[in-house]
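Undergrad: need coordinates for the following:
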Amino acid sequence: MDKISPSRKGLPYHIGFIVDGNRRWAKEKGLATFMGHKKGVERIEEIIKYAQDLGIKIVTIYAFSTENWKRSEREVSYLMELFENFAIHKMKEANKRGMKIRILGNFERLPTSLQKVLEKAKNLTKDNQKTIVNVALSYGGRDEIIRSFRKLTALGIKLEEITEELISRNLDTAGLPDPDFIVRTSGEQRLSNFLPWQATYSELYFPKVYWPDFDKTQLDIAILEFQNRQRRLGK
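TA: Next up is the predicted model:
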């Protein structure tokens, strides 16, 4: 099959990924669930690098939701360790590539050791401007909005003073443009609490492929889909 190459013009500026299907991928291959997560994390690295190479400026990865805490203690512990090891071994390369790491979500719920590693990654890369990589960990959109309102309350903002701009400035994504394009793998067609405020006018794409199989070609296909859409933004 010929290589599919999207145009460098009309790329999404900010693309979000709901990385779904790791467990089903493993099950269909007769592998342990953990192997699906491991492969999924490896795919995250590949896709972030390729998105950067294409010229996409902001990538947001929905890696672990507030609802995911309901999974078994064994699975959650494995995922936390997987995220920590990944951050430890990849932060220097991310810095070298000019990536700025930001963490979205309820940071305080994460294990202390993971918090420390993520803080180190954020501090190491804080001055980078080539690509912003948002990692949503212990993230839930409703939780984010609640935390935003609590910040406004703590600042003494009166009800009649609250605006869309004020709320946006107090979200985890403060200072960033909303995602142009959101991709959820595995065929499920819902956002599952991912950036509900920011995704109001995002283009949505739901490929049936599981995340561990979402490779560079799949991203090319997704971007072509985005480029073929007409974005009216309510106009």
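Undergrad: helices or strands up against the strand or helix carrying residue 84?
TA: Counting by DSSP states H and E, the element that carries residue 84 is helix 73-96. When contacts are defined as 3 or more Cβ pairs under 8 Å, 6 or more residues apart in numbering; DSSP states H and E, helix 73-96 sits against helix 33-54, strand 58-65, helix 112-125. (Each C-beta comes from the backbone N, C-alpha and C, glycine too.)
Undergrad: what residues does the second one touch?
TA: The reference is to strand 58-65. Strand 58-65 is contacted from outside by 13-19, 44, 47-48, 51-52, 79, 83, 104-105, 131-140, 173, 176-177, 179, 192-195, using Cβ atoms under 8 Å, 6 or more residues apart in numbering.
Undergrad: same question, stretch 131-140
TA: Applying Cβ under 8 Å, 6+ apart, the set of residues contacting stretch 131-140 is 48, 51-52, 56-67, 69, 83, 94, 97-107, 109-110, 118, 172-173, 176, 193-194.
Undergrad: how about a cut-off of 6 Å?
TA: 48, 52, 58-66, 99-106, 109-110, 193 (Cβ atoms under 6 Å, 6 or more residues apart in numbering).
Undergrad: repeat that for stretch 75-86.
TA: Contact with stretch 75-86 is made by 34, 41, 111, 114, 117, as judged by Cβ under 6 Å, 6+ apart.
Undergrad: neighbours of the fourth one, how many?
TA: Residue 114: 21 surrounding residues under other Cβ atoms under 10 Å.
Undergrad: which pLDDT value goes with it?
TA: At residue 114, the predicted lDDT confidence score is 98.
Undergrad: name the nearest residue to it, ignoring sequence neighbours.
TA: Leaving aside its chain neighbours, residue 114 sits nearest to residue 84 (4.7 Å; criterion: Cβ to Cβ, 6 or more residues apart in numbering).
Undergrad: how many neighbours does the one you found have?
TA: 18.
Undergrad: roughly how far does it sit from residue 40?
TA: As judged by Cβ to Cβ, to the nearest Å, residue 84 and residue 40 stand 16 Å apart.
Undergrad: ok now stretch 106-125, how far from the chain's centre?
TA: 16 Å (Cα atoms, centre = their mean, to the nearest Å).
Undergrad: buried ones in it?
TA: 106, 110, 114-115, 117-118, 121-122, 125 (16 or more other Cβ atoms under 10 Å).
Undergrad: now, among those, which is nearest to residue 202?
TA: Nearest to residue 202 among those: residue 106, at 22.3 Å, using Cβ to Cβ.
Undergrad: pull out the buried residues from the contacts of strand 58-65.
TA: Buried members of the contacts of strand 58-65, counted by 16+ other Cβ under 10 Å: 14-19, 44, 47-48, 51-52, 79, 83, 104-105, 131-140, 173, 176, 179, 193-195.
Undergrad: could you check the pLDDT of the most centrally placed residue in the chain?
TA: Note on the chain: the residue nearest the mean C-alpha position is residue 61, at 1.6 Å, using Cα atoms, centre = their mean. Reading off the confidence values, residue 61 has pLDDT 98.
Undergrad: what about it, distance to residue 214?
TA: With Cβ to Cβ as the criterion, residue 61 and residue 214 are 12 Å apart.
Undergrad: so residue 17 sits against residue 183, correct?
TA: Yes. The criterion here is Cβ atoms under 6 Å, and residue 17 meets it with residue 183 at 5.3 Å.
Undergrad: and the nearest residue to residue 97 once chain neighbours are set aside, how close does it get to residue 11?
TA: Leaving aside its sequence neighbours, residue 97 sits nearest to residue 52 (Cβ to Cβ, 6+ apart; 6.5 Å). According to Cβ to Cβ, residue 52 and residue 11 sit 11 Å apart.
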